[in-house]
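S.K.: I need the structure of the sequence given here:
(2 chains)
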Amino acid sequence: MMESYWQGAAGVLIACLLAISLGKQGKDAGLLLALAVCSMVGLLAMSYLKPVIDFLQRLADVSNLQSDMLQILLKAVGIGLVGEFATLICVDAGNGAMGKAVQLLTSAAILWLSLPLLTQLLELLEDVLG
Amino acid sequence: MPMDIDLIFKIAAIGIIISILNQVLSRSGREEQATMTTLAGLVVVLMMVAQKIAELFDLVKSLFHL
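M.R.: Residues are numbered from 1 along each chain as shown, chains lettered A, B, ... in the order given. Okay, the predicted model is just below:
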């Protein structure tokens, strides 16, 4: 498993050098190369994250935590990761406005996702305050 | 899950070939053909990249129960 980390790091460095060597003529291909490398490294990172998420799920089961809560948190993390990835690619491509739009979309999606939690909190506050 | 290094080299090679073809066609006065060649190359690379992005999104969806 550790070997794939070194392979990934080396792959990114090689891709970086290749993107530089493409120069101004191959700017578009360089951007697509960056996109491909980011996707592949993302896939690699997800394979590392899978056992961690399984562990978190087990931890939630052991501590009798409501599974809905953890699900919402995990979903928020997933949306955040994808949003950040898309934003960085847009900014790299020179489209800052599109990057900001994706960021806005991500924030809105996470807020919408956390509505049940906020509703529960509000109900709890109402109960406490009478 | 090993990283597919071949794809990086493949995309870089296509990029270099596109760049050379673009230069050659531009210098010989075939601007339209140069543009079309660049476009075709980019579409080919985009197809490869889109596949990887779809793979990543599917994995994130399944991993985070989205």
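S.K.: Could you report the neighbour count for residue 57?
M.R.: Using chain A. Here the number of neighbours of A:Gln57 (other Cβ atoms under 10 Å in any protein chain shown) works out to 16. For the C-beta atoms, the positions are set from N, CA and C on the backbone; glycine is no exception.
S.K.: The intended chain is chain B.
M.R.: Close neighbours of B:Phe57, defined as other Cβ under 10 Å, add up to 17.
S.K.: Would you mind listing the residues in contact with the residue nearest to it when sequence neighbours are not counted?
M.R.: Nearest residue to B:Phe57, sequence neighbours excluded (Cβ to Cβ, 6 or more residues apart in numbering or on different chains): A:Val82, at 6.7 Å. A:Val82 is in contact with A:Thr106, B:Phe57, B:Val60, counting by Cβ atoms under 8 Å, 6 or more residues apart in numbering or on different chains.
S.K.: do you know how far A:Val82 is from A:Leu118?
M.R.: According to Cβ to Cβ, to the nearest Å, A:Val82 stands 22 Å off from A:Leu118.
S.K.: and what of A:Leu65?
M.R.: Separation of A:Leu65 from A:Leu118 (Cβ to Cβ): 18 Å.
S.K.: Tell me which helix or strand the most centrally placed residue in chain A sits in.
M.R.: Among the residues of chain A, A:Leu81 comes closest to the average C-alpha position under Cα atoms, centre = their mean, at 0.9 Å. Per DSSP states H and E: A:Leu81 is located in helix A:67-92.
S.K.: Show me what counts as buried in stretch A:43-55.
M.R.: By 16 or more other Cβ atoms under 10 Å in any protein chain shown, the buried positions in stretch A:43-55 come out as A:Leu43, A:Leu44, A:Met46, A:Ser47, A:Leu49, A:Ile53.
S.K.: Name the nearest of those relative to B:Glu31.
M.R.: Distances from B:Glu31 to these, taken as Cβ to Cβ, are shortest for A:Leu43 (39.0 Å).
S.K.: so who does the residue nearest to that closest one when sequence neighbours are not counted touch?
M.R.: Ranked by Cβ to Cβ, 6+ apart and with sequence neighbours excluded, the top spatial neighbour of A:Leu43 is B:Leu56, at 5.3 Å. By Cβ under 8 Å, 6+ apart, the contact list for B:Leu56 reads A:Ser39, A:Gly42, A:Leu43, A:Met46, A:Phe85.
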